[in-house]
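Enquirer: show me the folded form of this:
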Amino acid sequence: MRSRLQALGEALAISVPGGPLRVSAPVGFGNLHLGPALFGCLAQNPGVDLTLDVDDRFVDVMREGYDAVIRHGPVADKRLIVKRLAKSRRVLVASPDYTNRFGTPTSLAELKAHRGIIYSNRGVGDWRFRVGRRWITVAPRTALRVNNGLLMRDAAVAGLAMALLPTFFLQSALKSRSLRVVDVGAEAEGAVIYVAYPEDLRGSPRIEALTAWLRRSFGDPPYRDR
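Expert: You can find the predicted model right below:
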């Protein structure tokens, strides 16, 4: 049975020129959202020879021979052309077991006393919240550092600590109520999903078509946040 996202992708009818295409993407986002979008693309464009590597490390696109990389958050490599694909909302979550044992923070001041699961590729400075026109960084007591969002989600479900996660990881956990959104009176800093590729691929028909396909597949606002 096809997924809703595959069916959506197949309905987009964007033609992608045939040939090889090597792409790197984060593991969690690749599994949950990028893969299904690309399956629809490949079904519509059988001439594309796609290699998709899912890896949470920051690959060197130029040195490792990738045509493009998908990133959740800023791309620091100045040698690359970077284009926005979609917005990403993030929320603070905790399991009912955790809040039953340690309470539910209702302010940023209270949040500082809680345990956090930290995305190691960004560190504790990643917990940023908007208060009026200011951004405030909260450094929780670290319970776990890990470079994979799915493991962060699962650790939060297990009651280890709280986590700040993109909503694209949370649909099933929030629906089943194994995780709950924690409101601390301030909005967590969001992120952006980007595609980046080498300068020598500027104007590449395959890259431009793939970018258009993914933008339309993910939507604005993203389908997962509607």
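Enquirer: tell me which element the residue nearest to Lys83 when sequence neighbours are not counted is part of?
Expert: With CB to CB, 6 or more residues apart in numbering as the criterion, Lys83 has its nearest non-adjacent residue at 5.4 Å, and that residue is Val195. For glycine as for every other residue, the C-beta is placed from the backbone atoms N, C-alpha and C. Per DSSP states H and E: Val195 is located in strand 191-198.
Enquirer: circling back: got the contact list for the residue nearest to Lys83?
Expert: 68-71, 82-83, 85, 207, 210-211, 214 (CB atoms under 8 Å, 6 or more residues apart in numbering).
Enquirer: how is the chain partitioned into domains?
Expert: 4-88+191-225, 90-188 (automatic domain parsing).
Enquirer: could you identify which of those has the lowest mean pLDDT?
Expert: Of all the domains of the chain, mean pLDDT reaches its minimum on domain 4-88+191-225 (a mean of 86).
Enquirer: run the chain-centre distance for that one.
Expert: 12 Å (CA atoms, centre = their mean, to the nearest Å).
Enquirer: what sits against the residue nearest to Lys112 when sequence neighbours are not counted?
Expert: Nearest residue to Lys112, sequence neighbours excluded (CB to CB, 6+ apart): Val138, at 5.7 Å. Listed by CB under 8 Å, 6+ apart, the contact set of Val138 reads 108, 111-112, 127-129.
Enquirer: quick revisit: could the contacts of Val195 go into a markdown table alongside neighbour count and distance to Ala43?
Expert: A markdown table is the format used below for the contacts of Val195 (neighbours: other CB atoms under 10 Å; distance: CB to CB, whole Å):
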| residue | neighbour count | distance to Ala43 |
| --- | --- | --- |
| Ala68 | 24 | 20 |
| Val69 | 26 | 23 |
| Ile70 | 23 | 19 |
| Arg71 | 23 | 25 |
| Val82 | 16 | 28 |
| Lys83 | 16 | 24 |
| Leu85 | 21 | 20 |
| Ile207 | 22 | 19 |
| Leu210 | 27 | 14 |
| Thr211 | 18 | 18 |
| Leu214 | 24 | 15 |
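Enquirer: quick one: the helices in this protein?
Expert: 4-12, 27-29, 35-44, 96-102, 108-111, 149-157, 171-175, 205-218 (DSSP state H).
Enquirer: now do the contacts for Leu34.
Expert: 25, 52, 70, 214.
Enquirer: for the closest residue to the first one other than its chain neighbours, which residues make a bridge with it?
Expert: Of all residues not flanking Ala25 in the chain, Ile70 sits nearest, at 4.0 Å (CB to CB, 6+ apart). For Ile70, the beta-bridge partners under DSSP bridges are Val195.
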